[in-house]
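Engineer: pasting the sequence and the predicted model now:
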Amino acid sequence: MKTKSEQENLYQSHLGNGDLLEAESMVLGAVLLEADIIHEITLEPEHFSSSRNKLIFKAMRELASEGTAIDPSILVNKLKSDIENIGGTTYLTDLALACPTATNIEFYQNIVFEQYKKRTLVASAAAFLNNQSEESADDFYKTYVEMQEIGIKSERTKNDVLMEIYDDMMVDKGEMTGIDTGFTDLNNMTGGLNGGDLIIIAGRPSMGKTAFALNLVKSCCENSGVADIFSLEMPEKQLTQRLLSSIGNISGIKWKNPYRMFSKLDSERASEAIGIYSKWHINIHDSSKQTIADIRARVRKTQREHKNEKHIVVIDYLQLITQVGKFERNDLAIGDITKQLKQMARQFNIPVILLSQLNRGVEQRQDKRPMMSDLRDSGSIEQDADLIMFLYRDDYYDKQSENRNIVEVNLAKHRNGPVGTIQLAFVKEYSQFLDLELRREVAQ
């Protein structure tokens, strides 16, 4: 078998001989030489640049799916009225004679993939340059991301994977595989917040979604991590005040007029909290109109600046992300967003925490604990999410509830672990969540 260098030299020499010996023709010729090899080919008709090659490969695919043999004579019958469009039987015969061996099929297939990716990116870039709008920019970015995935094959063998698993057995990774949530029971169920996961935090208003997400950010940064917070509703100053309240045990309402409302102790706590917060690597992006492309670009920037640090992303919230493009239904638009966020989580190997609203239907039930069906446009969210957590406060609906200042966190979906409900103490005035056993009276 030829080395990669020899294959490249062979291909370069073929290019000088005209279209017949180009990579696309060699792929088609390999199928005519060894019909079963089509089952090893991952190309699709649209990946070919030549219209006649598209027609031929499409016919080959159809014959393969029918279980019919692939040879020039059968292809002629399959193509029928299109036979003249491909150059007649002569072109098929030339293809059959052009490829001396099917051994190098993967090499030629990769060339076809690369040529297709370049053509697609050039066309998308040209469309953007001719119409420089936010929508066309987002289309170009989507195309770029999609092209990165096309033709990629894992270079790891089965033995590579098994060796990695075996090595894992020999190394103590500690109690958690992911980022510390700051909550014992939640860590025990999830192993922390894991890279590549899309995590949904959902609940009705006033359940503490934003405060809970900020507590996760706080825990990450306390352990030398970095965070990107995309706030599409609340300004950066207000979010920062919430974080300072959580750090310093300061009543949130006092930030309305700290000069008058802060006690001496509050001022000391605030100064100390500001000192702590100033050392954390937190980026708050509070533009009210942010697209997935905007989010991805800022996350990429953080990744470049903090390559080896744990990184958490929070988006507050899903329904406010600016949608680019036209969709027949809102659930399709939401599905496009969650799909892209899941891809981003995997690409950067980070946990992406996405806050989401619930339908108002939950308010009509006697038991107002959320269910999967309460998620707005729930189909795509449920499909793309690795972890779905519903927040519920019984004392919000029942003022006489025995579970005062307690939030139920229901892990309703957990792709890689158990589901179930844990309870956390919620000190609302401090935007602070605590393990129940650590619940305490905080000095005023």
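Structural biologist: Yep, it's here.
Engineer: check contacts around residue 323.
Structural biologist: Counting by C-beta atoms under 8 Å, 6 or more residues apart in numbering, residue 323 touches 291, 333, 336, 337. Where you see a C-beta, it was placed from the backbone N, CA and C, and this is true even at glycine.
Engineer: ok, the second one to residue 292 distance?
Structural biologist: Going from residue 333 to residue 292 by C-beta to C-beta, to the nearest Å gives 11 Å.
Engineer: which one's more surrounded, the two?
Structural biologist: Higher neighbour count among residue 333 and residue 292: residue 292, with 24 against 17, using other C-beta atoms under 10 Å.
Engineer: what's that one in contact with, if anything?
Structural biologist: So residue 292 contacts 138, 321, 324, 337, 340, 341, 344 (C-beta under 8 Å, 6+ apart).
Engineer: including pLDDT and distance to residue 363, could those go into JSON lines?
Structural biologist: Formatted as JSON lines, those follow (pLDDT from 0 to 100; distance: C-beta to C-beta, whole Å):
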{"residue": "138", "pLDDT": "73", "distance to residue 363": "35"}
{"residue": "321", "pLDDT": "88", "distance to residue 363": "24"}
{"residue": "324", "pLDDT": "72", "distance to residue 363": "32"}
{"residue": "337", "pLDDT": "88", "distance to residue 363": "25"}
{"residue": "340", "pLDDT": "87", "distance to residue 363": "31"}
{"residue": "341", "pLDDT": "92", "distance to residue 363": "28"}
{"residue": "344", "pLDDT": "89", "distance to residue 363": "33"}
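Engineer: of those, which pair is most distant in space?
Structural biologist: Pairwise distances across the contacts of residue 292 peak at 15.0 Å for 324 and 344 (criterion: C-beta to C-beta).
Engineer: okay, the contacts of residue 292 in a markdown table with neighbour count and distance to residue 283 next?
Structural biologist: Converted to a markdown table, the contacts of residue 292 look like this (neighbours: other C-beta atoms under 10 Å; distance: C-beta to C-beta, whole Å):
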| residue | neighbour count | distance to residue 283 |
| --- | --- | --- |
| 138 | 20 | 21 |
| 321 | 23 | 17 |
| 324 | 22 | 22 |
| 337 | 24 | 21 |
| 340 | 21 | 20 |
| 341 | 24 | 17 |
| 344 | 20 | 16 |
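Engineer: so which of those residues are in helices?
Structural biologist: Counting by DSSP state H, the contacts of residue 292 place 138, 337, 340, 341, 344 in helices.
Engineer: how about residue 105: what's its closest non-neighbour residue?
Structural biologist: residue 30 (4.8 Å; C-beta to C-beta, 6 or more residues apart in numbering).
Engineer: show me what the mean pLDDT comes to for the strand or helix carrying that neighbour.
Structural biologist: According to DSSP states H and E, residue 30 maps onto helix 23-33. Helix 23-33 carries an average pLDDT of 86.
Engineer: what score does the most centrally placed residue in the chain have for pLDDT?
Structural biologist: Most central in the chain under C-alpha atoms, centre = their mean is residue 342, positioned 2.0 Å from the mean C-alpha point. Listed pLDDT for residue 342 reads 92.
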